[in-house]
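[1] Dropping the sequence and predicted coords here.
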Protein chains: 2
Amino acid sequence: MASLSYLAFCTTTIIRCSSNRDNGHEPNKQNVNSIKINGTSSYPSAKVDLLGLKNGVAMTTSIVTSENLYINTLEVRQNIPTKKQLVDPFRQGLIIEEGVGYRQTVVIRSYEVGPDKTATIESILNLLQETALNHVWMSGLLGDGFGATHGMMRNNLIWVVSRMQVQVDHYPIWGEIMEIDTWVGASGKNGMRRDWLLRSRATGLVFARATSTWVMMNHQTRRLSKMPDEVRAEISPWFIEKQAIKEDFPEKIEKLDDTAKYVNSGLKPKRSDLDMNQHVNNVKYVRWMLEAIPEKFLENHQLSGIILEYRRECGSSDVVQSLCGPNENGILEDGLITDGIQQNNKISLLNGFSLPSGIIEGNGLLQSLNPGPSSYTHLLQAKGDSKNEEILRGKTTWKRKINGIPFQA
Amino acid sequence: MASLSYLAFCTTTIIRCSSNRDNGHEPNKQNVNSIKINGTSSYPSAKVDLLGLKNGVAMTTSIVTSENLYINTLEVRQNIPTKKQLVDPFRQGLIIEEGVGYRQTVVIRSYEVGPDKTATIESILNLLQETALNHVWMSGLLGDGFGATHGMMRNNLIWVVSRMQVQVDHYPIWGEIMEIDTWVGASGKNGMRRDWLLRSRATGLVFARATSTWVMMNHQTRRLSKMPDEVRAEISPWFIEKQAIKEDFPEKIEKLDDTAKYVNSGLKPKRSDLDMNQHVNNVKYVRWMLEAIPEKFLENHQLSGIILEYRRECGSSDVVQSLCGPNENGILEDGLITDGIQQNNKISLLNGFSLPSGIIEGNGLLQSLNPGPSSYTHLLQAKGDSKNEEILRGKTTWKRKINGIPFQA
């Protein structure tokens, strides 16, 4: 398929026509004939109507179907590399780690931050997904799927994530330049581990680490699959041992039941929640998880860690319940007793801590002396007629914020 | 303030400490001492704890408050230019149009596309916002606000958008490289127009055009303000006449009432819907608007145009209603009678149109011969005790999709 795909790319029909599309408003129109993109190909391109049509009429004398033309045109526009690329100036990515790791530079965008001007956890998860896919993109292995290799496509296989863990020490702010490194390794006989490090480009400080495990699923049967030898041959040369988060025994997450303290019911996926695999995107799961936590707690805390254990796909027709409960140690009264601390505008940090007077005088003393992470356990389940089906179990860990600033333990 | 801000930047306290933060997993750690970023400054930076703390203890002998330190550190990390920049390699942006316009190259990311692998209208709106802010960023005029200049900050003013219009001829696909141009112009005596062009880098073809008008609002009183002379002096040198969408008389949008055909009630903003201005972000408005349109219509149509007329801010405590109704000409039966067309897998385009047999035989002939845009009128309103308050009026225009491919009229 690699060669077939390459052939398809090389024989793509570009129809030139003299369509006078309105360019009256483009004084900076550059000469776009025969642009070299990405080092992979050079092709003529200017002023092509996307369907090769002018006023709905095909501009050739041979028979073309709009469908073929559309697919060929998409290939040219998407321009997936068919050979390993070492650098991509547009993605600001490069291959590192002796040829197997990937690093991408990103600027935190205005719409990726929340009201506090720091990147949201959802934005961070999006960037992890993006860099993972760009890693595969650069490898020359990417088929047309959502990260699937050519060998996987031949075997009708797609990637599904079984576990994901993210630790965030610091959240990047609007406009901050970050470097994201990602790489893959073996996970058991049939799985793959993918790790990430997010680093501030200015300081070199690691802001976040993440690890995930992936297995393959048959696209038609929806059953998990062994890793075929041809796929192993494609991806194993990229495997390295290094781990972003060291875990000898991954933490098990207990299963909540209907007695969970907080329950959000009747959650329905919308069209905009579906991704290229036609499933509810992981990021939506996290939003559902976090929305079950009391607003008051979210105001005074910052997410410092998240673990997701995926059990089952969520389809567009599922009706979902998000359950969560505070864990026994770590969260006192869900953090709701500590409002007094918000009254203080200054914290003196000379010679260790001068505790704000509000804490000493108020009723939040115990928690203030124990400002370590608090945690919640989560469950997303699809509402069934007879019983509910687990979609994912999760655990979130939290840091206290004081005057909007995360407490540095 | 421009000079004050510059001073504040230059005197930013960077605390060096020898914190041995775990770098064990970073084999590619570069030397980050004294990195030059963006051409504006050179500063020492390596291994600084973000709050300048080690184990919670400040690393200086002078008195510092965590708040001051935090703000100073944020300035270094964000690194907003205090002088005009011509190029920003990280944002992939450059100043064009004889020094007043801005062009940014972007790659359409995996999470910016929907199930059909084309960018969503929400992603396009996000990219418009991002490039607009980066334009101000490059100008050297940006204060710490959401696009507000130093002069605006001195006058407690923020930008509010009063009208926005976007026309999308083609949607970019996953991985496609786009160039977005944006520029500003005068709008009446006290307003500003901002326009955009989105162009495929490979073909030079314009995919989308947008225009918007902006006025200033006092941050405290929430009342609209005249443009102060000092602000005019800052921004008017950037004004040009060119318009992305030519309109002699902007289209007026009728106000829907409770008899509207489709009503979604009880919409409540969530934390994740708020932006840096602490308001519900525009993109959320568009999602609410589109979610009121019947699913069946959305499946067979692609948005080709949107007009938004903003009337009032939406705060976090508002409960919102999204109303919409099809316009009389253009939409027959809300596009629901045309399923027959979906049965056809091929459309022959030799010598004009061979209409798919399903259309000729089916009951959708009239609409098929008139495949031009259909449109809906929209209203978002905040539910009040006695009466509802308009948040925005909108109009959306739609193209039919045939076999998932937008119909090229």
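    It's in. Numbering: from 1, shown residues only, chains lettered A, B, ... in the order given.
[2] Got the phi and psi for whichever residue of the stretch 101-250 of chain A sits closest to chain B?
    Closest contact between the stretch 101-250 of chain A and chain B, by CB to the nearest CB, is at A:G204 (3.8 Å). Where C-beta positions appear, they are placed from N, C-alpha and C, glycine not excepted. Dihedral angles of A:G204 (phi, psi; degrees, to the nearest 10) stand at phi 80, psi 0.
[3] distance of it from A:M178?
    Per CB to CB, to the nearest Å, A:G204 is found 11 Å from A:M178.
[4] Kindly report the same for A:R312.
    Distance, A:R312 to A:M178, using CB to CB: 33 Å.
[5] the more surrounded of those two?
    More crowded of A:R312 and A:M178, by other CB atoms under 10 Å in any protein chain shown: A:M178, with 21 against 15.
[6] Output the contacting helices and strands for the lengthiest helix in chain A.
    As assigned by DSSP state H, the longest helix anywhere in chain A is helix A:121-139. When contacts are defined as 3 or more CB pairs under 8 Å, 6 or more residues apart in numbering or on different chains; DSSP states H and E, helix A:121-139 packs onto strand A:87-88, strand A:93-96, strand A:101-107, strand A:157-168, strand A:177-187, strand A:191-200, strand A:206-218, helix A:282-291.
[7] Least confident of the ones you listed, on average?
    Lowest mean pLDDT within the helices and strands packed on helix A:121-139: helix A:282-291, at a mean of 92.
[8] got the buried residues for the next helix or strand after that one?
    Downstream of helix A:282-291, the next assigned helix or strand under DSSP states H and E is helix A:295-300. Within helix A:295-300, the residues scored as buried using 16 or more other CB atoms under 10 Å in any protein chain shown are A:297-298, A:300.
[9] quick one: which of these is nearest B:V136?
    Within the buried residues of helix A:295-300, the smallest distance to B:V136 is 30.5 Å, found for A:L298 (CB to CB).
[10] List the contacts of the closest residue to the closest one other than its chain neighbours.
    Using CB to CB, 6 or more residues apart in numbering or on different chains and skipping residues adjacent in sequence, the residue nearest A:L298 is B:R271, 6.4 Å away. Each residue near B:R271 by CB atoms under 8 Å, 6 or more residues apart in numbering or on different chains is listed here: A:114-115, A:295, A:298, B:316.
[11] Repeat that for A:L323.
    Going by CB under 8 Å, 6+ apart, A:L323 touches A:256, A:258, A:260, A:262-264, A:292, A:378-381.
[12] ok, of these, which come out buried?
    Buried members of those, scored by 16+ other CB under 10 Å, are A:256, A:260, A:262, A:264, A:292, A:378-381.
[13] sorry, back to before: quick check: phi and psi at the residue nearest to A:L298.
    Given degrees, to the nearest 10, the pair of backbone angles that B:R271 has is phi -50, psi -40.
[14] where are the low-confidence patches of the stretch 1-150 of chain A?
    Where the stretch 1-150 of chain A drops to pLDDT under 70, the residues are A:1-72.
[15] Where do the helices of it begin and end?
    Counting by DSSP state H, counting those that start in this stretch, one finds helices in the stretch 1-150 of chain A at the ranges A:2-10, A:66-78, A:121-139, A:150-154.
[16] Now the longest one - C-alpha only, PDB.
    C-alpha atoms of helix A:121-139 as PDB (Å, rounded to 0.1, in the frame of the first residue of the first chain):
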ATOM      1  CA  ILE A 121      -6.500  20.600  30.200                       C
ATOM      2  CA  GLU A 122      -8.600  20.000  27.100                       C
ATOM      3  CA  SER A 123      -6.200  22.100  25.000                       C
ATOM      4  CA  ILE A 124      -3.200  20.200  26.400                       C
ATOM      5  CA  LEU A 125      -4.900  16.900  25.500                       C
ATOM      6  CA  ASN A 126      -5.600  18.200  22.000                       C
ATOM      7  CA  LEU A 127      -1.900  19.100  21.600                       C
ATOM      8  CA  LEU A 128      -0.900  15.600  22.700                       C
ATOM      9  CA  GLN A 129      -3.200  14.100  20.000                       C
ATOM     10  CA  GLU A 130      -1.900  16.600  17.400                       C
ATOM     11  CA  THR A 131       1.800  15.900  18.100                       C
ATOM     12  CA  ALA A 132       1.200  12.100  18.100                       C
ATOM     13  CA  LEU A 133      -0.400  12.300  14.700                       C
ATOM     14  CA  ASN A 134       2.300  14.600  13.400                       C
ATOM     15  CA  HIS A 135       4.900  12.100  14.600                       C
ATOM     16  CA  VAL A 136       3.200   9.400  12.500                       C
ATOM     17  CA  TRP A 137       2.800  11.900   9.600                       C
ATOM     18  CA  MET A 138       6.600  12.500   9.700                       C
ATOM     19  CA  SER A 139       7.400   8.800   9.800                       C
END
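[17] and it with strand B:101-107, angle?
    Relative orientation of helix A:121-139 and strand B:101-107, computed by axes from the mean of the first three to the mean of the last three CA atoms, to 10 degrees: 70 degrees.
[18] so helix A:121-139 versus helix A:282-291, what angle?
    Using the same axes, to 10 degrees: helix A:121-139 against helix A:282-291 is 160 degrees.
[19] Point out the least confident one among the contacts of A:L323.
    When the contacts of A:L323 are compared by pLDDT, A:D258 scores lowest at 87.
[20] so how many other residues sit close to A:Q243?
    Counted with other CB under 10 Å, the neighbours of A:Q243 add up to 14.
[21] so what's the residue nearest to A:D258 when sequence neighbours are not counted bridging to?
    With CB to CB, 6+ apart as the criterion, A:D258 has its nearest non-adjacent residue at 7.7 Å, and that residue is A:L323. Under DSSP bridges, the beta-bridge partners of A:L323 are A:V263, A:L379.
[22] got a list of what A:V283 touches?
    Shown in contact with A:V283 (CB under 8 Å, 6+ apart): A:122, A:125-126, A:129, B:111.
[23] Take the residues you listed and lay them out in JSON lines including distance to B:T221 and neighbour count.
    JSON lines is the format used below for the contacts of A:V283 (distance: CB to CB, whole Å; neighbours: other CB atoms under 10 Å in any protein chain shown):
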{"residue": "A:E122", "distance to B:T221": "33", "neighbour count": "19"}
{"residue": "A:L125", "distance to B:T221": "39", "neighbour count": "22"}
{"residue": "A:N126", "distance to B:T221": "37", "neighbour count": "20"}
{"residue": "A:Q129", "distance to B:T221": "43", "neighbour count": "21"}
{"residue": "B:Y111", "distance to B:T221": "38", "neighbour count": "22"}
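[24] can the residues you listed go into CSV with extra columns for distance to A:R400?
    Shown next, in CSV, are those (distance: CB to CB, whole Å):
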residue, distance to A:R400
A:E122, 21
A:L125, 23
A:N126, 26
A:Q129, 29
B:Y111, 30
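[25] Most widely separated two among those residues?
    Greatest spatial distance in the contacts of A:V283: A:E122 and A:Q129, 10.7 Å, computed using CB to CB.
[26] Outline the domain layout of chain A.
    A:4-78, A:87-238, A:262-330+A:372-406 (automatic domain parsing).
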